[in-house]
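[1] Just the structure for this:
(2 chains)
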Amino acid sequence: MTIDIALWLAQDAVTNGAVYVLLAIALVLVYTVTRVIFVPQGEFISFAALSLATLQDGKLPGTVYLLVGGGILVAIVDVIAAIRDKTMHRLPRILIVNVALPFLVAALAWWTAPQTNSLLLQILVTFAIITPLGPIVYRLAFQPIANASILVLLIIAVAVHYVLTGMGLVFFGGEGLRSRPFLDITFPVGVLNVSAQSLWIVFTSLALIAALWFVFERTLYGKALRATAINRIGARLVGIPARFSGQLSFTLAAFIGAASGILISPTTTIYYDTGFIISLKGFVGAIIGGMTSYPLAALGSIFVGFLESYSSFWASAFKESIVFTLVIPVLLWRSLTSPHVEEDEEQ
Amino acid sequence: MNRRVVAVAAVVILAMMPLVLSEFYVTLLNYIGLASIVTIGLVLLTGVAGLTSFGQAAFVGIGAYTTAVLTTAYGLSPWLTLPISLLLTTAIALVLGFVTLRLSGHYLPLGTIAWGISIYFVFGNLEILGKYSGIADIPALNIFGFPLRDGHKFFYLIWLTTIAALLATRNLLDSRVGRAIRALKGRGTMAESFGVDAARLKMIIFLHAALLANISGWLYAHFLRYVSPSPFNINASIDYLFMAVIGGSAQVWGAVIGATALTLLKEWLKDILPKLFEFNGNYEIVALGLLIILLLHRTRDGLVPYFAALIPDRQRRSPPAATLPLPSRTQPATGKILLEFNRVTKSFYALKAVNNLSFSMNAGEIFGLIGPNGAGKSTVFNLMTHVLRSDDGEIRLCSERIDRLTGPEIARRGIGRTFQHVKILPNMTVLENAALGAHLRGHCGVAAASLRLDRAEEARLLDEAAKQLRRVGLGDRLFDAAGTLPLGSQRMIEIARALSADPLLLLLDEPAAGLRHMEKRALAALLHELRQSGVSILVVEHDMEFVMNLVDRIVVMNFGEKLAEGSPREIQSDPAVIEAYLGGIE
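    Below you'll find the model as predicted:
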């Protein structure tokens, strides 16, 4: 291995690692707030990437139907609940948020689709389609049994992953898609040609991390999420409903997923089921961080990026095996260093 | 009609299936049997003990590939490859278990996902394993010279194995070890305080599940006579988990129900969906995912409770008769020093929760430890029971140091305890809950329990538990689910459980908390009676009235230090105690 190959691999590693960091942060966020090990996080990434690429082809992405359909389902569930609780005054808001808004986004997407040159608009529309899927998934799949055991929530997460992957195939077909780079230039740095896209990825990830830090440290909503993560019952007692923090964390997760998907879509071909394996690598990063610490999860994810990049050079067929086997020594280290804790599982 | 009749009828019907069904349906039943074997292990591991594994298909794959390689490339007999693959799986499961089982909740699923995925890529990329095209021409099994070449013959081998696995696992759960396994989910600390080695037990059931998966893989390879990586990928592991969850963990045979339901459902979806949608998509997994979500929203416990409700169980009225009672310890002579605290200190950062505390308690007395909130009583309790470790000083039981021992070791020395917040297993019967206390008085392990060689000992354990329950006044509730009893009775179950351990010292952590007046009086009467029969009792309590009428001697704590020590009468007139409890007298 020459020094320029090593550097080139390192660039690749940092670029991929930056995406895994975002992913790991989203997974840690959802897990600490709702106890859901959110396997379908990867689907937000692939859906965002594929939606962007489809828009660039001048077509309406199928995720729009998911958004509208999901919104209507949420509206139905909420209206039934409102009728049962005799809180009719909530009806207009339910209908506006869950039916009117999705249709508005759909109309926007339909209007944007032919304008294949307006990248900014396409990105905005992609965010507008993907981000609401987070709270929709939470409302339909998780909120009805938010207090179930971690195992049941995990099984539901896997089932949601099945549903979304299957729909991904229907919407986007089995062919992979790749979107156009935001800026098609490269900068020569020493022996390296750094592509503008990798800089985009790294800087956007950093900006997002800074923004998330600001949200958690400086805003009331962010603090509410942190409070729920630390003590669910305590948070409820001071007036932070579990429903609210659950929806907020899923919204943030979907937003982060959409951002990651948009960022990586020009760098690699994405298939309808690519998200799963990407999110599992984010999991590896998150596990290294113990599923509860954001900075450690970020470091772990960068490490995963490096491991993946270099092992694809030496033993490309075993790349995935190497990355996932890495978890075992990490777990060993954690199991020897962390004290034994017992969760008092509800019976 | 009881369950035994239903079970026998089911087996008879099953045995006739190959005579009437076509090859296609027999093959389907074979797949159901193979999946059931794996799922039985998962029901125990995931459903009962709460440890989630996404790696079961990988263990199936190890079983299938080991025999495939060894029989085709090296010409070994399949009957030789079975023990070899079992050993291999044991080694792998031990390593995986060692790194994940000690950790809490989410590490095992994630660790096993990672292992499941990486082993799949290993199967798909190794030359010797035939890469993604797999290994063909695996020899058929021979039983006493009869080759099992078609599905009809293989059916009996698969289902005999399934039934054997079902019976062994059911027997295991209905035993001394089984009660401990059922306590692992969320009640591990409690189980450890009765001598259960939780880490070892988790490893055993992880091995149990891995070995069942391995056997299923070995059968699979010789049934299909061809292996390739795809049936062992992560999705297959997810299917096994789905089966376990669909069936539910209430009964072991939920595994068969779950395996049948999921296999048939997938088959049916494959059949019906292409007719509904002309576009060829992967609609099965969408439908499957939605059905699983709906099912879990409706019932978190799976399908078994519905089936179980159709066939009422035979009500048991009395515990099995024991021929001779369990041997019990010789209690130390009354008046001898039983428990000693010698200058014990425990700090949490700057706070000295217990500071230089010394006292001793004699055998045969009821000893009270009281003090206002925050005085350090619970810390003292936790120091004695291994929950916390003291910074300095010694704690001795019968002049042996116990402050550096583990929970099970302390239990072995003869300390039986109750919990401030009741820790019972609500779905187990009152009798089983109490019998958990006698864990250390039995010795039969997993093998004996699976083969029902433990019945004599089991009868003695249950008999002892029933005796202690009658002593605390719960003799008529033995077979009720413990969770249906009121709090006062649940505290009594805890005392009976601790007594079943035949303790030298009974530790009661705020036994009167949350009890109504009448319940408190019943409790006090019981404790008096226990002292009469020679049991030594240490009570931590802050209900003054309850303690004063009960105990022989008291230590009063305040701010981590001993404030006073003496008889109830002395304590009641001690100015320092009055000041601590009621504020200063001006």
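
[2] quick one: contacts for residue 323?
    All of this refers to chain A. Residue A:323 sits next to A:281, A:284, A:304, A:307-308, A:311, B:118 when contact means CB atoms under 8 Å, 6 or more residues apart in numbering or on different chains. Placement of C-beta: from N, CA and C, glycine included.

[3] try chain B instead
    Contact analysis of residue B:323 by CB under 8 Å, 6+ apart lists B:456, B:459-460.

[4] could these be laid out in a markdown table, adding distance to residue B:294, pLDDT and secondary structure?
    Listed next are the contacts of residue B:323 as a markdown table, based on distance: CB to CB, whole Å; pLDDT from 0 to 100; DSSP: H, G, I helix; E, B strand; the rest coil:
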| residue | distance to residue B:294 | pLDDT | secondary structure |
| --- | --- | --- | --- |
| B:456 | 47 | 84 | helix |
| B:459 | 44 | 86 | helix |
| B:460 | 47 | 88 | helix |
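
[5] now these: which count as buried?
    Among the contacts of residue B:323, those buried by neighbour count (16 or more other CB atoms under 10 Å in any protein chain shown) are B:459-460.

[6] Redo the contacts of residue B:323 as TSV? Include distance to chain A.
    As requested, the contacts of residue B:323 are arranged in TSV below (distance: CB to the nearest CB, whole Å):
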residue	distance to chain A
B:456	32
B:459	28
B:460	28
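
[7] Reformat the contacts of residue B:323 as JSON lines; add distance to residue A:20.
    Shown next, in JSON lines, are the contacts of residue B:323 (distance: CB to CB, whole Å):
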{"residue": "B:456", "distance to residue A:20": "58"}
{"residue": "B:459", "distance to residue A:20": "57"}
{"residue": "B:460", "distance to residue A:20": "57"}
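
[8] same for the helix or strand hosting residue A:31, what does it pack against?
    Residue A:31 belongs to helix A:3-34 when assigned by DSSP states H and E. Other elements packing on helix A:3-34 under the criterion 3 or more CB pairs under 8 Å, 6 or more residues apart in numbering or on different chains; DSSP states H and E are helix A:41-56, strand A:192-195, helix A:196-218, helix A:220-230, helix A:242-264, helix A:274-288, helix A:294-314.

[9] Mind doing that once more with 6 Å?
    Counting contacts by 3 or more CB pairs under 6 Å, 6 or more residues apart in numbering or on different chains; DSSP states H and E, helix A:3-34 packs against helix A:196-218, helix A:220-230, helix A:242-264, helix A:274-288, helix A:294-314.

[10] Out of those helices, which gets nearest to chain B?
    Chain B sits nearest to helix A:274-288 of all the helices and strands packed on helix A:3-34, at 5.3 Å, using CB to the nearest CB.

[11] still on that earlier bit, now render the helices and strands packed on helix A:3-34 as TSV, adding mean pLDDT and distance to chain B.
    Listed next are the helices and strands packed on helix A:3-34 as TSV, based on pLDDT from 0 to 100; distance: least, CB to the nearest CB, whole Å:
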stretch	mean pLDDT	distance to chain B
helix A:196-218	82	21
helix A:220-230	81	14
helix A:242-264	89	15
helix A:274-288	81	5
helix A:294-314	81	11
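
[12] so which of the ones you listed gets nearest residue B:11?
    With distances scored as CB to CB, the stretch of the helices and strands packed on helix A:3-34 nearest to residue B:11 is helix A:274-288 (40.5 Å).

[13] so which of the contacts of residue A:323 is the most crowded?
    Among the contacts of residue A:323, residue A:304 has the most neighbours (other CB atoms under 10 Å in any protein chain shown), with 29 neighbours.

[14] can you pull the contacts of that one?
    For residue A:304, the contacting residues are A:20, A:281, A:284-285, taking CB atoms under 6 Å, 6 or more residues apart in numbering or on different chains as the criterion.

[15] same thing but at 10 Å, please
    Taking CB atoms under 10 Å, 6 or more residues apart in numbering or on different chains, we find residue A:304 in contact with A:13, A:16-17, A:20-21, A:23-24, A:281-288, A:323-324, A:326-327.

[16] just to revisit the earlier point, minimum distance to residue B:248: which of the helices and strands packed on helix A:3-34 has it?
    helix A:242-264 (25.6 Å).

[17] Go through the closest one and flag the buried ones.
    Buried residues in helix A:242-264, defined by neighbour count with 16+ other CB under 10 Å: A:242, A:244-264.

[18] Residue 128 - how many residues pack around it?
    Let's take chain A. Residue A:128 has 20 nearby residues by other CB under 10 Å.

[19] Hmm, no, I was thinking of chain B.
    Residues near residue B:128, counting by other CB under 10 Å, number 9.

[20] Assign it to helix, strand or coil.
    Secondary structure for residue B:128, judged by DSSP: H, G, I helix; E, B strand; the rest coil, is coil.

[21] Residue B:65 is in contact with that one, correct?
    Yes. Counting by CB atoms under 10 Å, residue B:128 does reach residue B:65; the two are 9.5 Å apart.

[22] list the residues that contact both of these two?
    residue B:135.

[23] show me what contacts the closest residue to residue B:100 other than its chain neighbours?
    Take residue B:100 and drop its neighbours on the chain: the residue closest to it by CB to CB, 6 or more residues apart in numbering or on different chains is residue B:111, 4.2 Å away. If you count contacts by CB under 10 Å, 6+ apart, residue B:111 has them with A:287, A:324, A:327-328, A:330-332, A:334-335, B:53-55, B:96-97, B:99-101, B:103.

[24] rerun at 7 Å
    A:327-328, A:331, B:96, B:99-100 (CB atoms under 7 Å, 6 or more residues apart in numbering or on different chains).

[25] Count the residues that sit near the nearest residue to residue B:199 once chain neighbours are set aside.
    Nearest-residue entry for residue B:199: residue B:102, 6.2 Å, with adjacent residues in sequence omitted and distances by CB to CB, 6+ apart. Counted by other CB under 10 Å, the residues lying close to residue B:102 total 21.

[26] doesn't residue B:102 fall inside a helix?
    No. The assignment for residue B:102 (three-state DSSP) gives coil, which keeps it out of a helix.

[27] Verify the stated contact: it with residue B:198.
    No. Assessed by CB atoms under 7 Å, residue B:102 is found out of contact with residue B:198, at 9.6 Å.

[28] Right, and chain A sits closest to which residue of the stretch 401-550 of chain B?
    Taking CB to the nearest CB, chain A has its nearest neighbour within the stretch 401-550 of chain B at residue B:426, 5.3 Å off.

[29] doesn't that residue fall inside a helix?
    No. Secondary structure of residue B:426 (three-state DSSP): coil, not part of a helix.

[30] Okay, it and residue B:420: tell me how far apart.
    As judged by CB to CB, to the nearest Å, residue B:426 and residue B:420 stand 17 Å apart.

[31] Could you find the closest non-adjacent residue to residue 175?
    Assuming you mean chain A. Per CB to CB, 6+ apart, closest to residue A:175 is residue A:271, 7.7 Å.

[32] my bad, the chain I had in mind was chain B
    residue B:449 (3.6 Å).

[33] Which of the three states applies to residue A:180?
    Under three-state DSSP, the three-state class of residue A:180 is coil.

[34] And the pLDDT at it?
    Residue A:180 carries a pLDDT value of 75.

[35] ok, it touching residue A:56?
    Yes. The pair residue A:180 / residue A:56 is scored as a contact, 5.9 Å apart, by CB under 7 Å.
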